[in-house]
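Peer 1: Here you go, sequence then predicted model.
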Amino acid sequence: MTTLVLASASPARLATLRQAGVEPVVIVSGVDESQLDGLPPAELALQLAELKCAAVAQRDEVPAGALVLGCDSVLELDGEAYGKPDDAADAVRRWRAMRGRTGVLHTGHCVRATAGDRVAAATASTTVHFADLSDEEIDAYVATGEPLQVAGAFTVDGLGGAFVTGIEGDHHNVVGVSLPLVRELLSELGESWTELWTRNVAL
Ligand SMILES: Nc1nc2c(ncn2[C@@H]2O[C@H](COP(=O)(O)OP(=O)(O)OP(=O)(O)O)[C@@H](O)[C@H]2O)c(=O)[nH]1
């Protein structure tokens, strides 16, 4: 069995990997995400994922031979990249701009095989259609605090689920990690997704 290090503090990424049979070692990168500005959204997500992955891969606590996965998610709306809202007022402003419209949730992924220092990276993108929320619904959702903790100020699998009318593309990518893309990146490195499984029973 190969060890996967998840270079992310995201509880949703950890839960997604666990549900898919992988028990990663979590080592948070602590990367300052403000250092990259002005890039196109998909490129921004990719470069931040690469920074997080590289920052963790060099840590002493990474097990020998481990694979390190870094991710970063942003919502693209009108060509701009949106991470987590700055505060409640920002979250309200964002929702008033995106309600009834369509955005693209980009998640950058970077996998580094510490043995041989091999790297594979790519961004997965999922189109997200938002319901036309009323001002009262926006205020109620922002008051829960959830929008402040997530890129794009929404979740597809949490309280925000009622406000996403549809998606085109990978669901898990919206949550924070595209499982099929990680499988492909591992394959590029000559690694196997099924070798990461820590249990051999489904559900
Ligand atoms: N559960 C859930 N979380 C989401 C959704 N959309 C975005 N997120 C979370 O929003 C966060 C995006 O911020 P990032 O900077 O990529 O990651 P982070 O949580 O700050 O953690 P790091 O990887 O350590 O930076 C991640 O934790 C995502 O899992 C969603 O639809 N559902």
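Peer 2: Sure thing, it's come through.
Peer 1: For the rest of this, base every contact and every neighbour count on C-alpha atoms.
Peer 2: Noted.
Peer 1: for stretch 52-72, which positions count as buried?
Peer 2: For stretch 52-72, the buried set under the neighbour-count rule, 16 or more other CA atoms under 10 Å, comprises 52-57, 62, 66-72.
Peer 1: Just say helix, strand or coil for the nearest residue to S178 once chain neighbours are set aside.
Peer 2: Spatial nearest neighbour of S178, excluding adjacent residues (CA to CA, 6 or more residues apart in numbering): H172 at 5.2 Å. Following DSSP: H, G, I helix; E, B strand; the rest coil, the label given to H172 is helix.
Peer 1: tell me, how many neighbours does H172 end up with?
Peer 2: By the measure other CA atoms under 10 Å, the count of residues near H172 is 19.
Peer 1: residue ranges of the strands in the chain, please?
Peer 2: Assigned by DSSP state E, the chain shows strands spanning 4-6, 25-26, 67-77, 80-82, 102-113, 118-130, 164-168.
Peer 1: Nearest approach to the ligand belongs to which of these?
Peer 2: strand 67-77 (3.5 Å; CA to the nearest ligand atom).
Peer 1: now for that closest one, which elements pack on it?
Peer 2: strand 4-6, helix 41-57, strand 80-82, strand 102-113 (3 or more CA pairs under 8 Å, 6 or more residues apart in numbering; DSSP states H and E).
Peer 1: Need the per-residue pLDDT for N200.
Peer 2: pLDDT, N200: 62.
Peer 1: hmm, back to that, now do the contacts for the residue nearest to S178.
Peer 2: H172 makes contacts with 16, 178-179, as judged by CA atoms under 8 Å, 6 or more residues apart in numbering.
Peer 1: Residue numbers of the protein in contact with the ligand?
Peer 2: Within the chain, the positions near the ligand by CA under 6 Å from any ligand atom are 8-10, 12-13, 28-29, 71-73, 150-151, 154-157, 174-176.
Peer 1: In helices only, show me those.
Peer 2: Among the residues of the chain next to the ligand, the members found in helices (DSSP state H) are 12-13, 174-175.
Peer 1: From those, pick the one nearest L186.
Peer 2: Using CA to CA, R13 comes nearest to L186 of those, at 16.9 Å.
Peer 1: Report the contact partners of that closest one.
Peer 2: So R13 contacts 175-177 (CA under 8 Å, 6+ apart).
Peer 1: Cross-check the contact I'm expecting between W95 and E137.
Peer 2: No. The criterion here is CA atoms under 8 Å, and W95 misses it with E137 at 9.9 Å.
Peer 1: Contact partners for the residue nearest to R99 when sequence neighbours are not counted?
Peer 2: The shortest distance from R99 to any non-neighbouring residue, by CA to CA, 6+ apart, is to D132 (4.6 Å). Applying CA under 8 Å, 6+ apart to D132 gives the contacts 99-101, 163.
Peer 1: With A55 instead?
Peer 2: Applying CA under 8 Å, 6+ apart, we find A55 in contact with 29, 31.
Peer 1: could you flag which of the residues of the chain next to the ligand are buried?
Peer 2: Looks like those have 8, 10, 12-13, 28-29, 71-73, 150-151, 154-156, 174-176 buried, using 16+ other CA under 10 Å.
Peer 1: measure G176 to E23 for me?
Peer 2: Distance, G176 to E23, by CA to CA, to the nearest Å: 16 Å.
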